[in-house]
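J.: would you be able to build a 3D model of this:
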Amino acid sequence: MIRSKIREYGTDFSLFLVALAWGGTFFIVQDAVSDTPVYIFLFWRFFLSSLLMGLISYKKIFQIDKKTLKAGVLLGLFMFIGFAFQTFGLTLTLSSTVAFLTGLNVIIVPFLLYIIFKKSASVFSIFGAVIASFGLYFLTSGGSFGFGAGEFYALICAFAFAFHIVFTDRFSKKYDVALLVTIQLFVVAVLSLFASLIFNGSIVPVNIDRVFIEAMVATVLFATVFAFGVQTAMQRYTTPAKTAIIFTLEPVSAGLCGYFFAGELLGFVQLVGAFLILFGMLSAELGTYFRNRRRAECKC
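T.: Numbering: from 1, shown residues only. Below you'll find the model as predicted:
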């Protein structure tokens, strides 16, 4: 019992570090893509990440079978669709709106679980997801919202990332984690290559300067290899619904890092949003804890 709780808390903390890595590198990436087209940036980010993961898992590369390959390709496809439509959305609407709609995967995940795998999330996870969604709205949209083509693309992005979370939960329990991560990163790199050539006509960065190099180091090491590696490994020990709720901390960490390191300001509405996200996460966590405790007492 104690060992399982330690593993559960360790899993939650690890996923929290993933959200921190994504949010903490947001303002770094924002600076980099102001000069470098997004798809070129994504290509180099995921190409270098897949090379690094390949070096880490090189002893297992020749153990790849068709099932592992198909699983990794599917995860990579979902990941690329998420990034691609997020990019399209950013060209047509506010980044705050895109961030909010992307975060709605926290609501989508429980429904996908039920529709695809007939698995229902706990009432505490659903309640926490709803509260966290309100928090996302206040944190990223500041109380204003509209709906157009950009918002539609961002909604597709949210579904793609929700599918990624749901199928990561399924595949991570069946296939080798390192191989799954390596394959999906390589798939995103290849698709980003084609997108770069189609939309930008090149894969060469405009400026290979300090900003670009620092962004590459931060995103390759922390926001990609570390983040997706930990996500894939840790989802074996938790639920997709809880994973999605923890990941709503990404915009919170982005806001805090922007405040402390980039001189960005957080208003009252944004602070309320951050509080609601934390409250939603704690509601899901504590509700599940007390439910399991009552069940254990009843068995005694």
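J.: flag every buried residue along the host helix or strand of residue 134.
T.: Per DSSP states H and E, residue 134 falls inside helix 123-136. Within helix 123-136, the residues scored as buried using 16 or more other Cβ atoms under 10 Å are 124-126, 128-129, 131-133, 135-136. C-beta here means a position set from N, CA and C on the backbone, and glycine is covered the same way.
J.: which other helices and strands contact it?
T.: helix 95-103, helix 105-117, helix 240-247, helix 268-299 (3 or more Cβ pairs under 8 Å, 6 or more residues apart in numbering; DSSP states H and E).
J.: report the angle between that helix and helix 240-247.
T.: 30 degrees (axes from the mean of the first three to the mean of the last three Cα atoms, to 10 degrees).
J.: report how many residues lie close to the spatially closest residue to residue 238 that is not a sequence neighbour.
T.: Among residues not flanking residue 238 along the chain, residue 11 sits closest, at 4.9 Å (Cβ to Cβ, 6 or more residues apart in numbering). Other residues within reach of residue 11, judged by other Cβ atoms under 10 Å, total 20.
J.: which residues in the stretch 51-200 of the chain form helices?
T.: Here the stretch 51-200 of the chain has its helices, by DSSP state H, counting those that start in this stretch, at 66-90, 95-103, 105-117, 123-136, 149-172, 177-199.
J.: show residues contacting the longest one.
T.: Same thing as helix 66-90. 38-39, 42, 97-98, 101-102, 150-151, 153-154, 156-157, 160-161, 163-164, 167-168, 171, 174-176, 179-188, 191-192, 195 (Cβ atoms under 8 Å, 6 or more residues apart in numbering).
J.: could you tell me which of those count as buried?
T.: In those, the ones that pass as buried (16+ other Cβ under 10 Å) are 38-39, 42, 97-98, 101-102, 150-151, 153-154, 156-157, 160-161, 163-164, 167-168, 171, 175-176, 179-188, 191-192, 195.
J.: could you give the mean pLDDT of stretch 116-131?
T.: For stretch 116-131, mean pLDDT is 79.
J.: what's the span of that stretch, first residue to last?
T.: 24 Å (Cα to Cα, to the nearest Å).
J.: hmm, who's touching it?
T.: 106-107, 109-110, 113-114, 166, 170, 239, 241-242, 244-245, 276-277, 279-288, 291.
J.: restricted to buried residues, select those residues in ChimeraX.
T.: Applying 16+ other Cβ under 10 Å to these, the buried members can be selected in ChimeraX as follows:
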select :106,107,109,110,113,166,170,239,241,242,244,245,276,277,280,281,283,284,285,287,288
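J.: grab the nearest non-local neighbour of the residue nearest the centre of the chain.
T.: Centroid-nearest residue in the chain, with Cα atoms, centre = their mean: residue 247, separated by 6.3 Å. In this structure, residue 247 finds its nearest non-sequential neighbour in residue 19, 5.3 Å apart by Cβ to Cβ, 6+ apart.
J.: the one you found - how many residues pack around it?
T.: 22.
J.: list the residues that contact it.
T.: 246-250, 252-253.
J.: now with 10 Å?
T.: 227, 231, 243, 246-254, 281 (Cβ atoms under 10 Å, 6 or more residues apart in numbering).
J.: can you check residue 198 too?
T.: residue 39.
J.: for residue 192, see how far away it is.
T.: 11 Å (Cβ to Cβ, to the nearest Å).
J.: what is in contact with these two at once?
T.: Shared contacts of residue 198 and residue 192, counting by Cβ under 10 Å, 6+ apart, come down to residue 39.
J.: so where's the stretch 1-150 of the chain uncertain?
T.: For the stretch 1-150 of the chain, the stretches flagged by pLDDT under 70 are 1-5, 93-100, 121, 139-147.
J.: SS state for residue 251?
T.: State at residue 251, reduced to three classes by DSSP: H, G, I helix; E, B strand; the rest coil: helix.
J.: quick one: it from residue 104, how far?
T.: From residue 251 to residue 104 the distance is 12 Å (Cβ to Cβ).
J.: more neighbours: those two, which one.
T.: Comparing residue 251 with residue 104 by other Cβ under 10 Å, the one with more neighbours is residue 251, at 27 against 23.
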